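In: Structure, please.
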Amino acid sequence: MPLERTSATLPTPDKGGEVTLTAILPTLRASIPDPIDLRRWPEGTRATVRDLVVAGQSMNTVATQRKTPCVFDAGECGPWACDCEARGVLLVRVVAVGGPSEPVPSYAGPELILDVDPRATAADWSEVRLINRVSTSKQITWHLVSGEPVMVDLPADVGPGDVLVAPCGR
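Out: A predicted model of the protein is given here:
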């Protein structure tokens, strides 16, 4: 009997999205990269276990050379790839990790303070990725500290100094 799904994802009716095998078994991230939605990243983006390669450039190298925060412009998408939504990527660094500073509902999660205000960017935070190291911790929902709520799913062991990358709109 043939399988109907060929990807490494399973539907999740509660969130309306999909759960990847690396979310179910985080230790797999040591050998295979988390999948990315290629339509939301610049053309030619390729994920590796520790890095993201955009327009042939390692985002780890870009973050080291240019420091963070910075925007890497991948150039115009070619006419054959008009369905890609991003032109570049935003690289940021985690400055601090904390918990809610006031009494909040029980569903409030841990907070990340970045070296940029998340609201001041055109980044697609739903696609954010940890680069520069492999994490085998389970994914949790983090709140990016800003005036408006911005929530992202990242490994539980994200900490100060970690580099994050997200696609930027055109």
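
In: for residue 46, what are its contacts?
Out: Each residue near residue 46 by Cβ atoms under 8 Å, 6 or more residues apart in numbering is listed here: 52, 53. (C-beta placed from N, C-alpha, C; glycine too.)

In: try 6 Å this time
Out: Listed by Cβ atoms under 6 Å, 6 or more residues apart in numbering, the contact partners of residue 46 are residue 53.

In: Equivalent analysis for residue 41, please.
Out: So residue 41 contacts 86, 167 (Cβ under 6 Å, 6+ apart).

In: again, but for the one 10 residues further on
Out: For residue 51, the set of contacting residues under the criterion of Cβ under 6 Å, 6+ apart consists of 58, 60, 131.

In: Provide the contact partners of the host helix or strand of residue 88 at residue level.
Out: Using DSSP states H and E, residue 88 sits in strand 86-98. By Cβ under 6 Å, 6+ apart, the surrounding residues in contact with strand 86-98 are 41-42, 54, 63, 68-74, 111-116, 121, 123, 159-160, 162-168, 170.

In: Beyond it, next helix or strand please.
Out: strand 111-114.

In: Can I get that following strand in PDB, CA atoms only?
Out: The C-alpha trace of strand 111-114 is given here as PDB (Å, rounded to 0.1, in the frame of the first residue of the first chain):
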ATOM      1  CA  GLU A 111      11.500  35.500  26.900                       C
ATOM      2  CA  LEU A 112      14.300  36.300  24.500                       C
ATOM      3  CA  ILE A 113      15.900  39.700  24.300                       C
ATOM      4  CA  LEU A 114      17.500  40.200  20.900                       C
END
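
In: just checking, what packs against that strand?
Out: If contacts are counted by 3 or more Cβ pairs under 6 Å, 6 or more residues apart in numbering; DSSP states H and E, strand 111-114 sits against strand 86-98, strand 139-144.

In: Please identify which of those strands is closest to residue 22.
Out: strand 139-144 (8.6 Å; Cβ to Cβ).

In: Centre of the chain to the closest one, how far?
Out: 11 Å (Cα atoms, centre = their mean, to the nearest Å).

In: Flag every buried residue along the helix or strand just after that strand.
Out: Next along the chain after strand 139-144, taking DSSP H and E as the criterion, comes strand 150-155. Residues of strand 150-155 classed as buried by neighbour count (16 or more other Cβ atoms under 10 Å): 150, 152, 154, 155.

In: Now do the strands in this protein.
Out: If DSSP state E is used as the criterion, the strands of the chain fall at 9-12, 17-20, 46-47, 52-54, 57-58, 70-73, 86-98, 111-114, 129-131, 139-144, 150-155, 163-169.
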